[in-house]
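Q: only geometry, no sequence info:
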C-alpha cells in the first residue's frame, strides 16, 4: 500500500509547494490543453523540458515520478497492442504472419504514451505539491462562478475533502479486514477462482458495511456541530496570490496560447 | 509445548523514512496450556506480537516457534493455512469481519475455508454459537441485525469454530457491558480448562488478569518487561505502580494496609485467603 504514489502529498517545501492552489490548478489545465495540441516532436520536447522544470521546482526525484507512473504501464502496454493491431496508416514496416505492423501505428502509440506520461507527471506535481485541503479550497474557488446556476461549489469541495480524508482510513480498514479474514482461512493468493471470488466478497462486504456506518456517524457528527451545506461559511485558511503566483499564471497561460497558435499555423 | 520467541523483532516499513521498530529482541517461552495475559500501554507492541502468532506478520528478526512450526526472519514460510487453523486469532472489534447472509453461515465460513465439509462446518458452527450464548432463533438472521454484543460473540464463535489449539484474542471484551464481559471471560476460561487449549489475551483490565489468567507478559516500547505468574505479578506491586496500572481491589486493599504499617502475609490473592491473613495479623 505504501507504494501507492498517485495523488499523494509530499511535504517538501519547494517553490511549487508555496504557490497558490488555484493558480496551480489553472496552470495544470493550461498545460494539459497544450499537451493535446498537435505540435509534433518539437512541441513535446519543449513540454517535456517544462515538465522536468516543474519536477525540479517541486524537488521531486525521478524515482517518485516513476512510482506514480507504474500503475499506468499496464495501460500503456494494452494501448500499444490495440493500436498496433488496428491502425493501418503510414508505411508497412514488417509482417508477422497475418499481422502487418505500420509505422503510423507505432507513431500514434508513441504520441499517446508521451501525452500520458506528460499528463501523469504534471498532475503528480500538482498533488504532490498541494495539500489536499488546499486543493479542495482551490477547486471551490475556481467553481465559484457556477454559483449563478444554483450550484453550490462548497458542497463539491466538502465532498472532495471528505473523500480524500477517508482514503487512508479505508486503506487501513481494508488491511484490518484482510487480516481478520486471513485468520479465518481466506487466502487471496492461492485457491480456485470460486475461492478467490469468495475471498473478495469477504473483504468487500465488511468494507461497505463499515463505510456506510462511518458515513452515517460522520453525518451525525457534522449535524451535531451545526453544519449546513447551504449556509455561508467563513474560512480559517485564506488563500493569497503573490507576485510569483501571477508570474506562474502568466507563464502557464503563455504556454497554452503559444501551443494553440502553433497547432493552428502548423 | 510452548510458544518460543527467540530474538524476535519486527520493523514496519523497513528502509524507508517511515520505518518504525514495533518489537525488538523478544525472548519468550510461553506455556501454551495456560491462559496468558499480554499487557502494556498503547503502542507497546501487543497487537504486533500477537499477529506474529498466526503469521499474519512475519518477524523481521529472530525466530518464532509455534505448534511445531518454526518461522524465521527472512525465510518465506510455506502453506500458512495449517498454522492459521491451529492458532485462532480474534482481532479487536471482530464484529467488522461478519459478512455472510446468516449468522450460521458466517460462523461456518472459517471451517469451510479449511476444508471441513458443509455439514460438519455447520454442526461446529451451531456448537460454537451455543457456546457463546447466541439463541438458535438468531442463527438464520443476518449478522447485521444482531446487537453489538451479539455480533462480537458471533465473530468470536467464528474463530472458535476452527477449533484452534491456541486461541489468541486482542482485547476481546473492549466496549462490552459488564455482563457480556463476564460471560466471555468465563467462556475463554472454560476453553482453556475444559478443552485444554492455550489462550493468549491482550487486555487492559487488571481484574481480568487477576481473575482469569495464569501468566502475564508485560510489554513496554516493543520489549518484554516481565513474564511472571499472575500471583507474583500482583504480590509485588512495584512494577504495577511503575506502569501506573490501576490495582484490582484485593491488591489495592493489601497495598493500603501495608502502607498503613499493617503487614498482610499472604501468598494467595483469593479474597478469603487475604481476609484470613488479616485476621491472623489482628490476633497477634
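A: Nice, thanks for sending it over. None of these values were measured; they are calculated from a predicted model.

Q: residue of chain A with the smallest distance to chain B?
A: residue A:185 (3.0 Å; CB to the nearest CB). Just so you know, the C-beta spots here come from the backbone N, C-alpha and C atoms, and that holds for glycine as well.

Q: and that residue, how many neighbours?
A: Burial of residue A:185 is recorded as 21 neighbouring residues (other CB atoms under 10 Å in any protein chain shown).

Q: before we move on, what about residue B:222?
A: 22.

Q: now it: closest residue in space that isn't a chain neighbour?
A: residue B:45 (4.2 Å; CB to CB, 6 or more residues apart in numbering or on different chains).

Q: contacting residues around that neighbour?
A: Neighbour list for residue B:45: B:10, B:22, B:23, B:219, B:221, B:222, B:223 [criterion: CB atoms under 8 Å, 6 or more residues apart in numbering or on different chains].

Q: what does residue A:11 give?
A: Residue A:11 neighbours (CB under 8 Å, 6+ apart): residue A:17.

Q: for chain A, list the residues in contact with chain B, please.
A: Within chain A, the positions near chain B by CB under 8 Å from any CB of the partner chain are A:2, A:173, A:176-177, A:179-187, A:190, A:195, A:201-202, A:205-206, A:209-210.

Q: can you read off the pLDDT for the residue nearest to residue B:222?
A: Residue B:45 is assigned a pLDDT of 92 by the prediction.

Q: quickly note the distance from it to chain A.
A: 16 Å (CB to the nearest CB, to the nearest Å).

Q: again with residue B:245
A: From residue B:245 over to chain A the distance is 27 Å, taken as CB to the nearest CB.

Q: before we move on, the earlier item: isn't the residue of chain A closest to chain B right next to residue B:114, touching?
A: Yes - assessed by CB atoms under 8 Å, residue A:185 is found in contact with residue B:114 at 4.7 Å.

Q: shared neighbours, the two?
A: B:81, B:85, B:162.

Q: any chance of these in a markdown table, plus distance to chain A, neighbour count and secondary structure?
A: Converted to a markdown table, the shared contacts of residue A:185 and residue B:114 look like this (distance: CB to the nearest CB, whole Å; neighbours: other CB atoms under 10 Å in any protein chain shown; DSSP: H, G, I helix; E, B strand; the rest coil):
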| residue | distance to chain A | neighbour count | secondary structure |
| --- | --- | --- | --- |
| B:81 | 6 | 18 | helix |
| B:85 | 7 | 23 | helix |
| B:162 | 7 | 26 | coil |
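
Q: picking up where we left off before, just the ones of the contacts of residue B:45 in strands?
A: Using DSSP state E, the subset of the contacts of residue B:45 located in strands is B:10, B:22, B:23, B:219, B:223.

Q: those residues into CSV, with extra columns for distance to chain A?
A: Formatted as CSV, those follow (distance: CB to the nearest CB, whole Å):
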residue, distance to chain A
B:10, 14
B:22, 15
B:23, 17
B:219, 20
B:223, 24
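
Q: of these, which is the most crowded?
A: So for the ones in strands among the contacts of residue B:45 (other CB under 10 Å), the most neighbours sit at residue B:23, 27 neighbours.

Q: how many other residues sit next to the closest residue to residue B:61 other than its chain neighbours?
A: Take residue B:61 and drop its neighbours on the chain: the residue closest to it by CB to CB, 6+ apart is residue B:9, 3.3 Å away. If you count neighbours by other CB under 10 Å, residue B:9 ends up with 19.

Q: can you check residue B:242 too?
A: Residue B:242: 11 neighbours (other CB under 10 Å).

Q: just to revisit the earlier point, closest to residue A:251 out of the ones in strands among the contacts of residue B:45?
A: residue B:22 (47.2 Å; CB to CB).

Q: report pLDDT for the closest one.
A: pLDDT, residue B:22: 93.

Q: residue in the stretch 51-200 of chain B nearest to chain A?
A: Closest to chain A within the stretch 51-200 of chain B is residue B:113: 3.0 Å, counting by CB to the nearest CB.

Q: those helices in the stretch 151-266 of chain A, which residues are they?
A: For the stretch 151-266 of chain A, the helices defined by DSSP state H, counting those that start in this stretch occupy A:153-183, A:193-224, A:243-265.

Q: and the helix or strand where residue A:70 lies, what does it pack against?
A: Using DSSP states H and E, residue A:70 sits in helix A:62-86. If contacts are counted by 3 or more CB pairs under 8 Å, 6 or more residues apart in numbering or on different chains; DSSP states H and E, helix A:62-86 sits against helix A:103-129.

Q: rewinding a little: and the two most separated of the contacts of residue B:45?
A: Farthest pair in those, by CB to CB: B:10 and B:221, 13.1 Å.

Q: my read is that the residue nearest to residue B:61 contacts residue B:64, right?
A: No - with contact defined as CB under 8 Å, residue B:9 does not count as touching residue B:64 (10.7 Å).

Q: residues from the stretch 1-150 of chain B in reach of chain A?
A: Residues of the stretch 1-150 of chain B lying near chain A by CB under 8 Å from any CB: B:13, B:16, B:18, B:51, B:54, B:56, B:81, B:84-85, B:88-91, B:94, B:96-99, B:109-110, B:113-114, B:144.

Q: mind checking which of the residues you listed land in strands?
A: Using DSSP E, the residues of the stretch 1-150 of chain B next to chain A in strands are B:88, B:89, B:90.

Q: my guess is the last one contacts residue B:171. True?
A: No - with contact defined as CB under 8 Å, residue B:90 and residue B:171 do not form a contacting pair (9.3 Å).

Q: more crowded one of those two?
A: For residue B:90 versus residue B:171, the count of surrounding residues by other CB under 10 Å is larger for residue B:90: 26 against 17.

Q: run through the residues that contact that one.
A: A:183, B:155, B:156, B:159, B:167, B:168, B:169, B:170, B:172.

Q: need the phi and psi values for the fifth one.
A: Spelled out, that is residue B:167. Backbone torsions of residue B:167, given as degrees, to the nearest 10, read phi -110, psi 120.

Q: identify the residues contacting it.
A: B:88, B:90, B:159, B:160, B:188, B:191, B:197, B:198, B:199, B:200.

Q: quick check: the two most widely separated of the residues you listed?
A: Between all members of the contacts of residue B:167, the farthest pair (by CB to CB) comes out as B:160 and B:200, at 14.5 Å.

Q: picking that back up, in a markdown table, list the ones in strands among the contacts of residue B:45 along with distance to residue B:135.
A: Conversion of the ones in strands among the contacts of residue B:45 to a markdown table gives the following (distance: CB to CB, whole Å):
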| residue | distance to residue B:135 |
| --- | --- |
| B:10 | 41 |
| B:22 | 41 |
| B:23 | 41 |
| B:219 | 38 |
| B:223 | 45 |
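
Q: between those, which is nearest residue A:166?
A: Distances from residue A:166 to the ones in strands among the contacts of residue B:45, taken by CB to CB, are shortest for residue B:22, at 25.0 Å.

Q: distance check, the closest one against residue B:14.
A: Applying CB to CB, to the nearest Å, the value for residue B:22 to residue B:14 is 11 Å.

Q: by contact count, what packs against whichever strand or helix holds residue B:125?
A: Element membership for residue B:125, per DSSP H and E: helix B:118-132. Judged by 3+ CB pairs under 8 Å, 6+ apart, the packing partners of helix B:118-132 are helix B:103-113, helix B:148-160, helix B:178-193.

Q: what's the angle from it to helix B:103-113?
A: Angle, helix B:118-132 to helix B:103-113, by axes from the mean of the first three to the mean of the last three CA atoms, to 10 degrees: 120 degrees.

Q: got the contact list for helix B:118-132?
A: Residues external to helix B:118-132 that are found in contact with it (CB under 8 Å, 6+ apart): B:103-104, B:107-108, B:111-112, B:116, B:136, B:139, B:153-154, B:156-158, B:160-161, B:163, B:184, B:187.
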